[in-house]
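S.K.: Just to be clear, the model below is a prediction. Sequence and coordinates:
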Amino acid sequence: MDFTTLPTLAGDRVTLEPLSADHVEDLKVAVVEGELWRAWYTGIPSPEEMPGEVRRRLALFASGQMLPWAIRDTARGSVVGMTTFMNITPQHRRLEIGSTWLAPSAQRTGANTEAKLLLLTHAFETLGCIAVEFRTHWHNRQSRAAIAALGARQDGVLRNHQLGRDGTLRDTVVFSIIDGEWPTVRLGLTERLARHTRP
């Protein structure tokens, strides 16, 4: 149960590669698509902010607080987003999957489903987690629906939880999957992928 190792996680649709400075230029291209950073309820970095965001995630990795990955689309060969394990608490065998974004062209392709399957498999089956958490902004309805579709259950809402970049208050919706639910969640995700065909 090594919560500090950052492995490559490979599937059929996506590969989660340990984040590095070499990914910055590809991530800039991916984030420009759809101008994802302009959504007020997200914390997605702009192209100009990307080098600093990658440095921030790598610093958190170096201090044992985060495991950051770049998401590479296997068919296209291009990097299409980022994801992390964060709020890691090995003593309680818990972590959060978060700070995730995908370029619009990679959404609804099965990429997110497979990435989450890879991450959850690593969390529950390699690290021995007893709970994996997901958090999102109350107003990010797309993210809330996607988390629920994974099989996560809503635990509650942390009201006035954080201040946004523009000073607005964020209500944070908290979801989780616990270890006893994992076999059913894994089956559901596997079947979703089997039914899904690329456009």
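M.R.: Arrived safely. Numbering: from 1, shown residues only.
S.K.: Do you have the strands of the chain handy? List them.
M.R.: Taking DSSP state E, the strands of the chain run over residues 9-10, 14-18, 67-73, 79-89, 94-102, 131-137, 153-163, 169-178.
S.K.: Out of those, which gets nearest to E33?
M.R.: strand 79-89 (8.7 Å; Cβ to Cβ). Backbone N, C-alpha and C define where each C-beta goes, glycine included.
S.K.: For D179, see how far away the spatially most distant residue from the centre of the chain is.
M.R.: The centre of the chain is farthest from one residue, G167, which by Cα atoms, centre = their mean lies 24.3 Å away. In this view, G167 and D179 are 39 Å apart by Cβ to Cβ, to the nearest Å.
S.K.: The nearest residue to M66 once chain neighbours are set aside - how many residues pack around it?
M.R.: If the residues on either side of it in the chain are set aside, M66 comes closest to L60, at 3.7 Å by Cβ to Cβ, 6 or more residues apart in numbering. Neighbour count for L60, taken as other Cβ atoms under 10 Å: 17.
S.K.: Now G164: closest residue in space, sequence neighbours ignored.
M.R.: Here the residue nearest G164, using Cβ to Cβ, 6+ apart, is R170, at 5.5 Å.
S.K.: hang on, the earlier thing: for the residue farthest from the centre of the chain, give me its contacts.
M.R.: Going by Cβ atoms under 8 Å, 6 or more residues apart in numbering, G167 touches no other residue.
S.K.: could you measure it against Q154, distance?
M.R.: 27 Å.
S.K.: same question, L9
M.R.: 26 Å.
S.K.: and these two? which has more neighbours close in?
M.R.: Using other Cβ under 10 Å as the criterion, L9 and Q154 rank with L9 on top: 21 against 13.
S.K.: Quickly list what that one is bridged to.
M.R.: Judged by DSSP bridges, the bridge partners of L9 are L16.
S.K.: what bits of the protein have low per-residue confidence?
M.R.: Flagging of the chain using pLDDT under 70 yields the residue ranges 197-199.
S.K.: what about 50?
M.R.: 198-199 (pLDDT under 50).
S.K.: Who does the residue nearest to G164 form a beta bridge with?
M.R.: Q162.
S.K.: residues contacting it?
M.R.: Counting by Cβ under 8 Å, 6+ apart, R170 has contacts 41, 137-138, 160-164.
S.K.: any idea how far it lies from D155?
M.R.: R170 is 16 Å from D155, where distance means Cβ to Cβ.
S.K.: same thing with S105?
M.R.: As judged by Cβ to Cβ, S105 and D155 stand 32 Å apart.
S.K.: and what of R144?
M.R.: From R144 over to D155 the distance is 13 Å, taken as Cβ to Cβ.
S.K.: Pick out whichever of these two has more residues nearby.
M.R.: Between R144 and D155, R144 has the larger neighbour count (other Cβ under 10 Å), namely 18 against 14.
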